[in-house]
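Engineer: Structure for this input, please:
(one chain, ligands or ions: 1)
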Amino acid sequence: MKRKYDYDLLVIGAGSGGVRAARVAAGHGAKVAVAEEYRIGGTCVVRGCVPKKLLVYGAHFAEDLEDAARFGWQIEGASFNWTTLRDNVLAEVTRLSGLYTETLQNHSVEVLPGRAVVRGPHSVTIGEREVSAERLLIATGARPHIPDVPGCEHGITSNEAFHLESLPGRIVIAGGGYIANEFAGIFNELGSKVTLVHRSNRILRGYDHQICDRLLQISTMKGIRFLLNSTIERVVRRADGTLAVHTARDVLECDALMFATGRVPNTDGLGLESAGVQLDEHGAVRVDEWNRSTCPSIYAVGDVTNRVQLTPVAIREGQAFADTCYGNKPTKVDYRCIPSAVFSHPPLAGVGLTEAEARNTLGAVKIYTADFRPMKNVLANRNERALYKVVVDDASGRIVGAHMIGPDAPEILQVMAVIVKAGMTKAQLDECVAIHPTMAEELVLLK
Ligand code: NDP
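Structural biologist: A predicted model of the protein is given here:
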């Protein structure tokens, strides 16, 4: 029997959400193709989570080497080579991108290289080629947003940061969110002089204030300069190649400027209007709880929908879409209690309600904190304290939030995310016997 369409499903964008959806839908028996204009793997693998985390590891050696002396190690002539780290990280990205490609091939998903443009509810062009599919899945992700200030073209974004020819001696980072704080930490550890310019008086909006204040304090102590309540008004490139970044109060001389001022959904020029797909005021595809757009045959998952811009969420949305449409298993993503982390130096992480949110929504809450200097920092003479906070609903005794900053905080918080999601009580946490000596034991010893 001749098929009505070339494919059952055409996914546009081979990032975390798109690849998961394609692979699972194909596993359920659908005929699937993925269009991708750049590299398989998307933001997370190619220019986000993975290479960033590897740079964080690389950067952290600066502190480890410094601390080593107190543990008896004399490391003479230690030096850092940016190109070695950069090239090794980029090689790992290439390896992972290859694995993603293999996964698609192993599941008989056809990869269509090129930029896809939607021409109608079932129709897409990729270059000269026209293809049709019963369903389209938009999984095109997001891209850095650059504020429109004179000279902004002299700035880079996180996209370019992974490819720098050399480390900037002085870098200005605009923004106070995830990317700004993570890269401020990376560049600072690697020896750049970092100035972070942020438009409001609080970094990391959405995270618990006390935890953010601790990061601000430690980052400042480590040499990062924070200009809060400050915005960049213009950027001038000097004849010698350096930049002058103007704010209302300061002129910041630097070798590089990086914008980390949020990300916008990739819907420009995608042709979605031709199929009646509505976008929201930020250009994100409007979807319902089943990932359906306003066109019945077109769905969207991941950052392009601007729900929660996190890889594991995009993956869940891709999985839910595929199971619902091809696996006879209607599935909605549960957006409650999504844990998240910032891989700053030190890292921080949180899940559930912050103290302020809990006080505003629950009324009576109990806050338990552990504010301590990790054993390793004590011997290293590193004056850097960790802070763990557990937020408890007083009426039920349930743990409704957990927030922490300190070495390995994201690793530890993952388990607290299970506890919060499971609705466990503080009394149950207290019943657990500690593993001694660890940092995590503080969580079962909270008074
Ligand atoms: P964030 O939303 O975290 O931060 C954006 C920052 O830019 C905020 O501080 C915001 O200020 C500021 N800002 C926004 N618009 C402007 C403007 N026009 N002028 C000046 N400042 C501005 O975005 P990121 O770019 O750091 O990261 C994008 C998303 O990617 C994150 O939200 C996160 O979901 C995801 N991500 C996750 C990571 C992780 O899981 N570890 C790592 C990196 C990214 P204000 O606070 O005042 O709004």
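Engineer: What residues does the stretch 101-250 of the chain have near the ligand?
Structural biologist: By the rule CB under 6 Å from any ligand atom, the part of the stretch 101-250 of the chain lying against the ligand is 147, 175-180, 182, 198-200, 205, 231. For the C-beta atoms, the positions are set from N, CA and C on the backbone; glycine is no exception.
Engineer: so which two of those residues are the farthest from each other?
Structural biologist: The two members of those with the most space between them (CB to CB) are E182 and T231, at 20.6 Å.
Engineer: between these two, who's got more neighbours?
Structural biologist: The neighbour comparison of E182 against T231 (other CB atoms under 10 Å) goes to E182, with 24 against 15.
Engineer: Helix, strand, or coil at that one?
Structural biologist: Taken by DSSP: H, G, I helix; E, B strand; the rest coil, the conformation at E182 corresponds to helix.
Engineer: Which elements pack onto the top strand by length along the chain?
Structural biologist: Secondary structure assigned by DSSP state E gives strand 129-138 as the longest strand of the chain. Applying 3 or more CB pairs under 8 Å, 6 or more residues apart in numbering; DSSP states H and E, one finds that strand 129-138 contacts strand 7-12, helix 16-27, strand 116-120, strand 123-126, strand 298-300, helix 311-326.
Engineer: what is the rounded mean pLDDT of it?
Structural biologist: Strand 129-138 shows an average pLDDT of 98 in the prediction.
Engineer: partners of whatever helix or strand comes next after it in the sheet?
Structural biologist: Next helix or strand after strand 129-138 toward the C-terminus (DSSP states H and E): strand 142-144. Each strand that pairs with strand 142-144, with its direction, by DSSP bridges: strand 263-265 (antiparallel).
Engineer: what about the stretch 51-200 of the chain, any weak spots by pLDDT?
Structural biologist: For the stretch 51-200 of the chain, not a single residue meets the criterion pLDDT under 70.
Engineer: how near is A161 to L196?
Structural biologist: Counting by CB to CB, to the nearest Å, the gap between A161 and L196 amounts to 14 Å.
Engineer: Settle it for me: which of the two has more neighbours?
Structural biologist: Neighbours per residue (other CB under 10 Å) separate A161 from L196, with L196 holding more: 27 against 23.
Engineer: Closest residue of this structure to the ligand?
Structural biologist: Ranked by CB to the nearest ligand atom, the top residue of the chain for proximity to the ligand is G177, at 1.9 Å.
Engineer: contacting residues for that residue?
Structural biologist: With contact set as CB atoms under 8 Å, 6 or more residues apart in numbering, G177 has these partners: 203-205, 260-262.
Engineer: Check which helices and strands the longest helix seen in the chain is in contact with.
Structural biologist: As assigned by DSSP state H, the longest helix anywhere in the chain is helix 82-106. Judged by 3+ CB pairs under 8 Å, 6+ apart, helix 82-106 is in contact with helix 16-27, helix 42-47, helix 49-68, strand 110-113.
Engineer: so what strands line up beside the shortest one?
Structural biologist: For strand 110-113, the pairing partners within the sheet under DSSP bridges are strand 32-36 (parallel).
Engineer: And the contacts of G177, which of them are buried?
Structural biologist: With neighbours counted by 16 or more other CB atoms under 10 Å, the contacts of G177 contain buried members at 203-204, 260-262.
Engineer: In contact with R199, which residues are there?
Structural biologist: With CB under 8 Å, 6+ apart, R199 has these contacts: 176, 229-231.
Engineer: now with 7 Å?
Structural biologist: With contacts taken as CB atoms under 7 Å, 6 or more residues apart in numbering, R199 has the following neighbours: 230-231.
Engineer: give me phi/psi at it?
Structural biologist: Recorded main-chain torsions at R199 are phi -70, psi -20, according to degrees, to the nearest 10.
Engineer: Repeat that for V304.
Structural biologist: Comment: the main-chain dihedrals of V304 come out as phi -60, psi -20, following degrees, to the nearest 10.
Engineer: so who does it touch?
Structural biologist: Contacts were defined as CB under 7 Å, 6+ apart; by that measure V304 touches 138-142, 265-267, 284-285.
Engineer: next one: V444
Structural biologist: V444 sits in contact with 429-430, 432, 434, where contact means CB under 7 Å, 6+ apart.
Engineer: Swap in 10 Å and give it another go.
Structural biologist: When contacts are counted by CB atoms under 10 Å, 6 or more residues apart in numbering, V444 touches 428-435.
Engineer: Which ones among those lie within strands?
Structural biologist: No part of the contacts of V444 ends up in strands, with DSSP E as the criterion.
Engineer: Tell me the one of these nearest Q309?
Structural biologist: Compare each of those with Q309 using CB to CB and the shortest gap goes to L429, at 30.3 Å.
Engineer: Which residue is the nearest non-sequential neighbour of that closest one?
Structural biologist: The shortest distance from L429 to any residue other than its chain neighbours is 5.8 Å, reached at V444 (CB to CB, 6 or more residues apart in numbering).
Engineer: for that neighbour, phi and psi?
Structural biologist: Main-chain torsions, V444, degrees, to the nearest 10: phi -100, psi 0.
Engineer: What confidence value was assigned to it?
Structural biologist: Per-residue confidence at V444 stands at 97 (pLDDT).
Engineer: Selecting buried members of the contacts of V444 in ChimeraX, what would you type?
Structural biologist: Selecting in ChimeraX just the buried members of the contacts of V444, where the criterion is 16+ other CB under 10 Å, is done with this command:
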select :429
